[in-house]
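> Provided below for reference: sequence and predicted model.
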Amino acid sequence: MSATARPEAGGSAHAALRRDDRGRFVDAQGRVDLKSLTRDAFVRFFVDDLGDSEARALRAYKCLWQDGARSIDEMTTVARATREKLKQVAYVYALEPELVLRSDDGTLKYLWKLEDGHAVESVLIPDGDRLTLCMSSQVGCAMACAFCLTGDLGLKRHLRPSEIACQPLQVGRQLPAGVRITNLVLMGMGEPLHNLDNLVEALTIALDDHALNLSHRKVTVSTVGLVPQMAELARRLPVNLAVSVNASNEAQRLAIMPITKKHSLEALIEACRRFPLPSGKRITFEYVMFDGFNDTEDDAQRLMDLLAGIPTKVNLIPYNPNPDRDLQPPPFERVKAFQHYLVTRGVNCSIRTTRGQDISAACGQLGKAWAQANAKGWLEDARRIAGYGSTSDVSDTAPTPPV
Ligand code: SF4
């Protein structure tokens with residue numbers, strides 16, 4: 001196992017990919033990143049560029065996403081002559097986990113090393129009959145929320161559609177037979193709506209019955225509140241929306257979320273009111289709670305007033321303490337009291353169970369796995385041992401299936 005850039009055979013050795021004049025991601029040699037193509041774009045490429053048929057294009061697309069071909073040579077449903085032609089003009093991007101950390105609570109954190117040496121993380125959370133993958137959309141993040149480690153990195157770059165959609169593909173390949181990812185949440189590294197085009201293409205692949213075939217009812221995109229992009233998301237994809245609100249008034253939000261300077265809390269709530277929700281759907285409002293900051297009964301009252309009239313689900317998240325931050329979660333009784341205040345006044349409100357805290361996989365903790373793993377010598381183990389390491393910290397096995 002190598003810790004350096006690891007494209008598949010015939011793949012691109014760098015990530016300086018750009019969109020060509022037809023909107024496709026190509027490498028420096030002009031080769032198309034096949035896994036960044038939605039089904040429609042893939043078929044157009046096969047028919048227009050290779051002179052092949054639509055039926056054969058569809059078989060090839062399924063081979064990539066459902067049979068898990070990791071190279072053009074593995075696309076065995078494609079005729080040999082076409083594969084040779086393909087190698088000249090395209091490549092298959094294959095994301096591989098560099099490291100998998102297992103929490104005591106069964107949560108798994110995947111560290112993906114990208115072609116250009118950057119790293120991103122995904123977190124797989126078993127919970128009853130649900131198996132949720134929390135995915136990343138950017139390397140780092142530009143939003144600089146005060147409580148989030150990913151924000152410390154700044155934005156390095158956007159992930160391509162292939163780099164986003166390969167996260168559930170590759171995690172799914174490691175699961176035991178009969179076990180599937182049931183839910184996707186875009187709450188990992190990055191602000192998904194800051195990378196809207198690539199996100200929409202990746203999720204189009206995730207929802208496609210010729211590709212990952214996930215239900216749109218089980219996909220949730222979380223945002224800090226990029227107001228224009230929220231409307232655009234609703235126009236392009238029928239997925240669930242979560243809004244990271246975290247404050248009960250403007251000044252409070254401004255203190256912890258710099259995006260508030262650009263899009264005020266009022267504008268955000270107005271955008272939520274306009275968000276076209278199918279009947280029976282609600283917007284999830286995530287509310288990270290900090291000791292002595294946003295945890296009083298007055299806060300609960302103001303939050304309830306703010307959200308009045310919006311089909312709402314409030315998700316309270318006690319802050320996950322971090323040595324790099326001078327912030328603490330409230331005592332749990334205060335979180336319960338906050339929930340009680342809302343619930344007894346008819347607001348749907350739950351408290352999120354913290355998962356994966358021991359491996360820094362909990363909310364706001366992503367982005368330090370690489371340094372953490374290096375410090376603990378886990379990377380060396382992972383490199384020495386073919387596959388993944390054999391210690392209890394570096395998992396070589398699939399996660400415990402949900403019970
Ligand atoms: S909470 Fe989300 S949007 Fe804010 S800095 Fe972290 S990753 Fe970015």
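Perfect, thanks for sending it.

> how many neighbours does residue 62 have?
17 (other Cβ atoms under 10 Å). C-beta here means a position set from N, CA and C on the backbone, and glycine is covered the same way.

> Then residue 177?
Residue 177 - counted by other Cβ under 10 Å - has 6 other residues nearby.

> Likewise for residue 203?
27.

> quick one: secondary structure of it?
helix (DSSP: H, G, I helix; E, B strand; the rest coil).

> what's the pLDDT at it?
Residue 203 carries a pLDDT score of 98 in this model.

> What of residue 351?
96.

> quick one: it from residue 193, how far?
26 Å (Cβ to Cβ, to the nearest Å).

> quick one: which of those two has more around it?
residue 193 (23 against 17).

> The more buried one is in contact with residue 227, isn't it?
No: in this structure, residue 193 is not within contact of residue 227 by Cβ atoms under 8 Å, at 9.4 Å.

> Quick check: the gap between the residue nearest to the spatial centre of the chain and the ligand.
The centre of the chain sits closest to residue 135, judged by Cα atoms, centre = their mean, with a distance of 2.0 Å. For residue 135, the distance to the ligand equals 12 Å [Cβ to the nearest ligand atom, to the nearest Å].

> so which helix or strand takes in whichever residue of the stretch 151-300 of the chain sits closest to the ligand?
Ranking the residues of the stretch 151-300 of the chain by distance to the ligand (Cβ to the nearest ligand atom) places residue 151 first, at 3.0 Å. Using DSSP states H and E, residue 151 sits in helix 149-152.

> after that helix, next one along is what?
strand 155-158.

> Show the average pLDDT along that next one.
96.

> Please list the outside residues in contact with that strand.
Applying Cβ atoms under 8 Å, 6 or more residues apart in numbering, the contact partners of strand 155-158 are 15, 116, 118, 137-142, 190, 194-195, 198.

> now for the helix or strand hosting residue 338, which elements pack on it?
Residue 338 is part of helix 332-343, with elements assigned from DSSP H and E. With contacts taken as 3 or more Cβ pairs under 8 Å, 6 or more residues apart in numbering; DSSP states H and E, helix 332-343 sits against strand 283-289, helix 297-307, strand 312-318, strand 348-351.

> okay, now the domains of the protein?
Domain assignment for the chain by automatic domain parsing gives 5-91, 97-395.

> Pick the most deeply packed of those.
Comparing the domains of the chain by mean neighbour count (mean count of other Cβ atoms under 10 Å), domain 97-395 ranks first with a mean of 19.

> now it, how far from the centre of its chain.
Its chain's C-alpha centre and that of domain 97-395 lie 7 Å apart, by Cα atoms, centre = their mean, to the nearest Å.

> The residue of the stretch 151-300 of the chain closest to the ligand is in contact with residue 138, isn't it?
No: judged on Cβ under 8 Å, residue 151 makes no contact with residue 138 at a distance of 11.0 Å.

> Do any residues in stretch 257-271 lie close to the ligand?
No: using Cβ under 6 Å from any ligand atom, stretch 257-271 never reaches the ligand; the gap is at least 7.1 Å.

> Next, the distance between the ends of that stretch.
Counting by Cα to Cα, to the nearest Å, you get 17 Å between the two ends of stretch 257-271.

> if you average pLDDT over that stretch, what comes out?
The average pLDDT for stretch 257-271 rounds to 98.

> which residues sit against that stretch?
By Cβ under 8 Å, 6+ apart, stretch 257-271 touches 143-146, 224-227, 230-231, 243-247, 249-250, 253-254, 306-307, 310.

> So which of those residues reach the ligand?
Okay, of those touching the ligand (Cβ under 6 Å from any ligand atom), that's 143, 144, 145, 224.

> I'd like the residues you listed as TSV, with secondary structure, pLDDT and distance to residue 280 appended.
Shown next, in TSV, are those (DSSP: H, G, I helix; E, B strand; the rest coil; pLDDT from 0 to 100; distance: Cβ to Cβ, whole Å):
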residue	secondary structure	pLDDT	distance to residue 280
143	coil	97	31
144	coil	95	35
145	coil	95	31
224	coil	97	26
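
> farthest pair in these?
Using Cβ to Cβ, the two most remote members of these are 144 and 224, lying 9.9 Å apart.
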